[in-house]
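Trainee: here is a sequence with its predicted model. Questions after.
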2 protein chains.
Amino acid sequence: MSLLVVGSVARDTIRTPHGEVQDALGGAAVYFSLAACNFTPVRLVGVVGDDFSEDDIALLGKRDIDLAGLQVVEGGRTFRWSGEYSEDMNSRETLSVELNVFEHFEPVLPADYTDSSFVFLANASPATQLSVLGQVESPVCVMADTMDLWIEIARDELVELLGRINGISLNDAEALQLTGCRNLIDAGQAILEMGPGTVIVKKGEHGAVLFTEAGVVALPAYPTGEVVDPTGAGDSFAGALMGSLSRAGAVDEEGLKTAIAYGSVVASFTCEGFGTARLAEINPDEVNDRFLSYCESLQICR
Amino acid sequence: MSLLVVGSVARDTIRTPHGEVQDALGGAAVYFSLAACNFTPVRLVGVVGDDFSEDDIALLGKRDIDLAGLQVVEGGRTFRWSGEYSEDMNSRETLSVELNVFEHFEPVLPADYTDSSFVFLANASPATQLSVLGQVESPVCVMADTMDLWIEIARDELVELLGRINGISLNDAEALQLTGCRNLIDAGQAILEMGPGTVIVKKGEHGAVLFTEAGVVALPAYPTGEVVDPTGAGDSFAGALMGSLSRAGAVDEEGLKTAIAYGSVVASFTCEGFGTARLAEINPDEVNDRFLSYCESLQICR
């Protein structure tokens, strides 16, 4: 089924204990799309300046990523982010943010995108996310991401959004912040009560926890020792997750577990290269091999 | 097969955001035994003072725990520990430690324990652990635990121990400290190279990672929202792990995964009560029900 993502397209400058990359292709919608295109074609809606290079367009365009919704602002400059990771890479400091053309981005879906069945509202203000939600006609499944800033300054709109979408993926710190809970399991359940039928709490190297009315399932991250840059891991997790759900065409607990497994696997590839370098080169066979070994590792003799 | 644990028996005073308990039965060997006895009989070697109550002896004795190796020092006082957990219970501060009779404990195995097949050397100085190791004749599997203190002050003996045992279970911070690695996966593999065929890195609420020559397997914790006191979770994890292995009578990757699953499940029960309160009341059926639901939650449709 058709899959749509709306979110940032960026140029990232990233420093980790393993090295540095400057002005690399990035942004939530990019990571999402490069992950999801291993499962199903993706429609990307975002905005860039005219400094966005032909190479970047080519890199995205040669995968199954439809760029009809990628708005190019003449004379504008693409969103830029720069950050540095700690020694253990479990935390990072944002060194600079230039919103540029992303600051006043008001996404307008191309007419033939409004029938999208699966929709991912990548991190943006809840107002922007609500405006996109209003443009899709009768989606099967809409999921969203968010961040600490929106929980802090736009809580009411975020709560409104949660009441109108099918699922939310957010990280552990955000889940605790949103609910005021001290325990992740309690937090996930509290967010379920805010409306979405599916809550996925991402825990980075520790995996993710799925909350549905069927119960709570914790799944580990794929254990990779070759983490050189975690940037985009969460967005590529979401891309593989939504890609898997969209390919299956349905959202039930079994499908969500499969989707999270794919998310963990694709996120592990992302971490093995700087920026999108490793993610952009994987193919469905490679994803599937790692997925099968992940699933097998979780089979326990009873 | 016969299972032996050598380690501390204590009285703990514990404060968590959920309440407080004073002078409660505790200690690594106690948590280990109360967990392991759901799988197989346990031989406990430890030391207490004459302040150790008949009630405690009765609580342990009514389970399948052999106390022939529990030394009672006349006029001595039992090891006491007191600690307080942080709001999120992911860290704790030791408020006081009185080693008492544990300070000069030199474990001597009863003659009919020297044939033990499965042996767990709970946290103690590596010198003490090595001395116990020297007393068992031809064990099938010896595993040990350790702590930051020994890595700091008795590293050489710890490394010697690692070269002579089959497995080590330690927590994430300890694994990084022992190896100087920045990444847990690298750390686990580095410890494998120090000798033991099995390395289990415990990550508390995030589960555990198993390292063997067959590869790396990450398994989640059993997701319980009712965490009131994490004290003893690691030791009861180890108890269920060794109990499961001992019951199976062999140590291979499949058996280790099953054992870790049991460990996670029993540790989740431990966290649901103060001290040993919840752990002491569980039975094999209850353990098995939760184990089956844990395994089922990890089955992913391919």
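Mentor: Done, it's in.

Trainee: list the contacts for the residue nearest to A:Asn283 when sequence neighbours are not counted?
Mentor: Leaving aside its sequence neighbours, A:Asn283 sits nearest to A:Asn38 (C-beta to C-beta, 6 or more residues apart in numbering or on different chains; 6.9 Å). (Each C-beta comes from the backbone N, C-alpha and C, glycine too.) Taking C-beta atoms under 8 Å, 6 or more residues apart in numbering or on different chains, we find A:Asn38 in contact with A:Ala240, A:Gly243, A:Val266, A:Ile282, A:Asn283, A:Pro284, A:Val287.

Trainee: quick check: the gap between A:Asn38 and chain B.
Mentor: According to C-beta to the nearest C-beta, to the nearest Å, A:Asn38 stands 16 Å off from chain B.

Trainee: show me where the stretch 1-150 of chain A has its strands.
Mentor: Secondary structure of the stretch 1-150 of chain A (DSSP state E, counting those that start in this stretch): strands at A:3-6, A:10-16, A:19-26, A:42-49, A:65-73, A:79-85, A:92-98, A:118-121, A:141-145.

Trainee: make JSON lines from those and add distance to chain B and mean pLDDT to it.
Mentor: Below are the strands of the stretch 1-150 of chain A laid out as JSON lines (distance: least, C-beta to the nearest C-beta, whole Å; pLDDT from 0 to 100):
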{"stretch": "strand A:3-6", "distance to chain B": "20", "mean pLDDT": "98"}
{"stretch": "strand A:10-16", "distance to chain B": "11", "mean pLDDT": "96"}
{"stretch": "strand A:19-26", "distance to chain B": "14", "mean pLDDT": "95"}
{"stretch": "strand A:42-49", "distance to chain B": "23", "mean pLDDT": "97"}
{"stretch": "strand A:65-73", "distance to chain B": "26", "mean pLDDT": "96"}
{"stretch": "strand A:79-85", "distance to chain B": "11", "mean pLDDT": "96"}
{"stretch": "strand A:92-98", "distance to chain B": "14", "mean pLDDT": "94"}
{"stretch": "strand A:118-121", "distance to chain B": "18", "mean pLDDT": "98"}
{"stretch": "strand A:141-145", "distance to chain B": "18", "mean pLDDT": "98"}
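
Trainee: Serialize these to TSV and add fields for mean neighbour count and distance to B:Phe32.
Mentor: Listed next are the strands of the stretch 1-150 of chain A as TSV, based on neighbours: other C-beta atoms under 10 Å in any protein chain shown; distance: least, C-beta to C-beta, whole Å:
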stretch	mean neighbour count	distance to B:Phe32
strand A:3-6	29	49
strand A:10-16	23	40
strand A:19-26	17	44
strand A:42-49	26	51
strand A:65-73	18	54
strand A:79-85	19	38
strand A:92-98	12	39
strand A:118-121	29	46
strand A:141-145	25	42
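
Trainee: of these, which is nearest B:Pro17?
Mentor: strand A:92-98 (28.9 Å; C-beta to C-beta).

Trainee: ok, that closest one: who's next to it in the sheet?
Mentor: With DSSP bridges as the test, strand A:92-98 is paired with strand A:79-85 (antiparallel).

Trainee: OK, contacts around the spatially closest residue to A:Phe32 that is not a sequence neighbour?
Mentor: Among residues not flanking A:Phe32 along the chain, A:Gly239 sits closest, at 3.7 Å (C-beta to C-beta, 6+ apart). Applying C-beta under 8 Å, 6+ apart, we find A:Gly239 in contact with A:Val5, A:Tyr31, A:Phe32, A:Ser33, A:Leu34, A:Ala35, A:Ala36, A:Val42, A:Phe120, A:Gly263, A:Val266.

Trainee: okay, the angle between the helix or strand harbouring A:Gly239 and strand A:141-145?
Mentor: Under the criterion of DSSP states H and E, A:Gly239 resides in helix A:233-248. Relative orientation of helix A:233-248 and strand A:141-145, computed by axes from the mean of the first three to the mean of the last three C-alpha atoms, to 10 degrees: 180 degrees.

Trainee: could you pull up the mean pLDDT of the next helix-or-strand element following helix A:233-248?
Mentor: Per DSSP H and E, helix A:233-248 leads on to helix A:253-271 as the next helix or strand towards the C-terminus. Average pLDDT, helix A:253-271: 97.

Trainee: ok, residues contacting the helix or strand that comes right after helix A:253-271?
Mentor: Using DSSP H and E, the next helix or strand after helix A:253-271 towards the C-terminus is helix A:284-297. Helix A:284-297 is contacted from outside by A:38-39, A:222, A:240, A:261-262, A:264-266, A:268-269, B:215, B:217-218, B:257, B:300, B:302, using C-beta under 8 Å, 6+ apart.

Trainee: distance check, the residue of the stretch 1-150 of chain A found nearest chain B against B:Ser33.
Mentor: Proximity of the stretch 1-150 of chain A to chain B (C-beta to the nearest C-beta) peaks at A:Asp88, 5.2 Å away. Using C-beta to C-beta, to the nearest Å, A:Asp88 is found at 35 Å from B:Ser33.

Trainee: these two: which has the busier surroundings?
Mentor: The neighbour comparison of A:Asp88 against B:Ser33 (other C-beta atoms under 10 Å in any protein chain shown) goes to B:Ser33, with 32 against 14.

Trainee: that one reaches B:Leu60, doesn't it?
Mentor: Yes. Counting by C-beta atoms under 8 Å, B:Leu60 is a contact partner of B:Ser33 at 6.6 Å.

Trainee: mutual contacts of those two, please.
Mentor: B:Leu44.

Trainee: rewinding a little: pLDDT value on the residue nearest to A:Asn283, please?
Mentor: For A:Asn38, the predicted pLDDT is 98.

Trainee: local confidence estimate at the closest residue to A:Glu213 other than its chain neighbours?
Mentor: Leaving aside its chain neighbours, A:Glu213 sits nearest to A:Gly197 (6.8 Å; criterion: C-beta to C-beta, 6+ apart). As predicted, A:Gly197 sits at a pLDDT of 97.

Trainee: dump the residue contacts of A:Gly197.
Mentor: With C-beta under 8 Å, 6+ apart, A:Gly197 has these contacts: A:Asn166, A:Gly167, A:Thr212, A:Glu213, A:Val251.

Trainee: thinking again about what came up before, for B:Glu205, state which of the contacts of A:Gly239 is nearest.
Mentor: Using C-beta to C-beta, the contacts of A:Gly239 come closest to B:Glu205 at A:Gly263, 20.1 Å.

Trainee: which positions in the stretch 201-302 of chain A make contact with chain B?
Mentor: A:203, A:205-207, A:209, A:215-225, A:227, A:254-255, A:257-258, A:261, A:291-292, A:294-295, A:297-302 (C-beta under 8 Å from any C-beta of the partner chain).

Trainee: pull out the buried members of the contacts of A:Gly197.
Mentor: Among these, the ones that count as buried by 16 or more other C-beta atoms under 10 Å in any protein chain shown are A:Asn166, A:Gly167, A:Thr212, A:Val251.
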